[in-house]
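Trainee: This is a predicted model, with the sequence first.
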Amino acid sequence: MEDENIFDNSKNPQIVSDASSPLTKLKPLGLRPRAIFRQTSMVILANLGVISSGIALGYPTVTLKQLTDTQNANALTMSQMSWFASINAISCPIGGLLCGYLLDKIGRKKSIVTISITALISWLVMTTSFHEDNLGFFIQIMISRFIIGITTGMSSAPCSIYAAEISHPKLRGRLTLGSSVATAGGIFLIYMLGYLIRDDWMTISILSGIYALISLILGFIIPESPSWLLTQGRHEEAKKILRYFRGIKSTDTYFYEEIEREYTRLEKSAVHPIGQKKKNFSKMLKKPEVWKPLSIMVIFFAFQQFSGTFVLIVYAVQFAIEAGVTIDPLLCAMFIGLTRLLTTFLVGYILDKWGRRPSAIMSGFGMAICMILLAGCTWFPDLNNIPYLKVICIIVYIFTSTFGLMTLPFSMISEVYPQKVRGQCSGTTIFFCSILFFIAINQYPAMVREMGKENVFALFGAVSLLAIVFIYFFLPETKGKTLHEIEEYFIYGKNGRPADTTEVEMKEIFVK
């Protein structure tokens, strides 16, 4: 950040309107170059820890061959390796609930730092697993995977919420996708390491631990979210940080009407009247602006998980083999990781151009077609004569899922919940998402054995088609809307706030 007094711009402000400002007739404050740089750079720093989550997701894929090699002293059995690959999914719900508690209790910044702390602890446990006894070795690496599962569960919400709360509405779509980009980057990074370092899982673990340490150090740089500071009654600090994220210099003493309007909206969403106790979460669940988006997002995540999005990530090598690809499975996995990473960079543009609903619907169609074609290669063997058809289907599936069902749910949890319960709702959503993640990952090998790979692929395609129906009828469009407007949507419905609703009535509605 620019200097030690970066937030200290409140001394003797010169009270003028935006019209009197030297920056008049330019873009909104939050869309000017300095503001965009500050918002983007802080979101990037916040999401560095999330890369560890992506590394954890792909780690079993690239270490499967090494850890089960019978030439090694501590070789795992296939049963042990199955638990090694899936135990992190068991602890993900713990991370989801913990993140919901921490977000409201200690704030966005400290929650983000906690992600890197747990990741670092996990890799320290993994890299110190020197046991002559096979059972002792297995227990220690399982502890490591359990801890990294907590990291994964925690990483889905804090950074997206942080990005949503500090960004201008027109930047929010792309900035809230920072977590998806970071996860995709972590997956590609671990796939690339696995491709380059095929016989040394310990070196891969050490490099992962070094990265977690770097992300932890850099996480302390980011400022807290103005929205959370308001919930703590820290009004002056909240306004200073809001001015920082809107590109105001520390020496600038102008009074900006635009910032005051935004600050007032944040206060309405975040602050309870003096003397009124904050309602508990169970009572808040009865409010339409809480239970409606919560129900929608849990179902949306169910379609995400059971359409095969994360199955393909976790079991990339095994999936490629089962699909019958003829190239090196590890190379195919790296293509999968690269495709997802490159596509994730485009998602922000796609969401801002098309909106959430059209992007999700197109994603569902693309995923369904690819999975049904993969199943068709078994049902109709003549399709196998088409060169690289299976590889193309897998890559296109990753491409289409990335700009919709894989990334959009994580982005939208930072938008659809009211400020007062955003942390708790996000944690609850991630809790259920993590349970669904565990079921999908744990049951995939058994489903292939019992149903046959072609029928599993067809099932993923059918779920993708059902997701389109759900999206069309229930998923709201949040493109270009402020967080306050989204909250009003769930209170009043598609027609919006009645024209004759007074400000006093509005305050009563949001307080009740």
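Mentor: All right, it came through fine. Numbers count the residues shown, from 1 in each chain.

Trainee: Please state the offset of the longest helix along the chain from the chain centre?
Mentor: Longest helix of the chain, by residue count under DSSP state H: helix 422-451. Distance, stretch centre to chain centre, for helix 422-451: 15 Å (CA atoms, centre = their mean, to the nearest Å).

Trainee: List the buried residues in that helix.
Mentor: 422-438, 440-442, 444-445, 448 (16 or more other CB atoms under 10 Å). Where you see a C-beta, it was placed from the backbone N, CA and C, and this is true even at glycine.

Trainee: for it, packing partners?
Mentor: helix 78-105, helix 134-155, helix 158-166, helix 288-306, helix 309-314, helix 453-474 (3 or more CB pairs under 8 Å, 6 or more residues apart in numbering; DSSP states H and E).

Trainee: got TSV for those, with mean neighbour count and distance to L229 too?
Mentor: Putting these into TSV (neighbours: other CB atoms under 10 Å; distance: least, CB to CB, whole Å) gives the following:
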stretch	mean neighbour count	distance to L229
helix 78-105	20	12
helix 134-155	22	21
helix 158-166	29	10
helix 288-306	20	22
helix 309-314	23	34
helix 453-474	19	33
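
Trainee: Output the ones you listed in CSV, with mean pLDDT and distance to C370 appended to each entry.
Mentor: Listed next are the helices and strands packed on helix 422-451 as CSV, based on pLDDT from 0 to 100; distance: least, CB to CB, whole Å:
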stretch, mean pLDDT, distance to C370
helix 78-105, 83, 24
helix 134-155, 90, 26
helix 158-166, 89, 27
helix 288-306, 93, 16
helix 309-314, 82, 10
helix 453-474, 94, 8
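
Trainee: Nearest to Y195, out of these?
Mentor: Among these, helix 309-314 comes nearest to Y195, with 15.6 Å by CB to CB.

Trainee: Please put the alpha-carbon coordinates of that closest one into PDB.
Mentor: This file holds the C-alpha atoms of helix 309-314, laid out as PDB (Å, rounded to 0.1, in the frame of the first residue of the first chain):
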ATOM      1  CA  THR A 309     -17.500 -31.200 -12.000                       C
ATOM      2  CA  PHE A 310     -15.200 -32.000  -9.000                       C
ATOM      3  CA  VAL A 311     -15.100 -35.700  -9.700                       C
ATOM      4  CA  LEU A 312     -13.200 -35.000 -12.900                       C
ATOM      5  CA  ILE A 313     -10.800 -32.700 -11.000                       C
ATOM      6  CA  VAL A 314     -10.000 -35.100  -8.100                       C
END
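
Trainee: Not counting that helix itself, show me its contacts.
Mentor: For helix 309-314, contacts defined as CB atoms under 8 Å, 6 or more residues apart in numbering pick out 57-58, 60-61, 85, 187, 304, 319, 336, 340, 367, 394, 397-398, 401, 405-406, 437, 440-441, 444, 460.

Trainee: That helix: how far from the chain's middle?
Mentor: Worked out by CA atoms, centre = their mean, helix 309-314 lies 15 Å from the chain centre.

Trainee: ok, then the element right after it?
Mentor: Along the chain past helix 309-314, the next helix or strand (assigned with DSSP states H and E) turns out to be helix 316-323.
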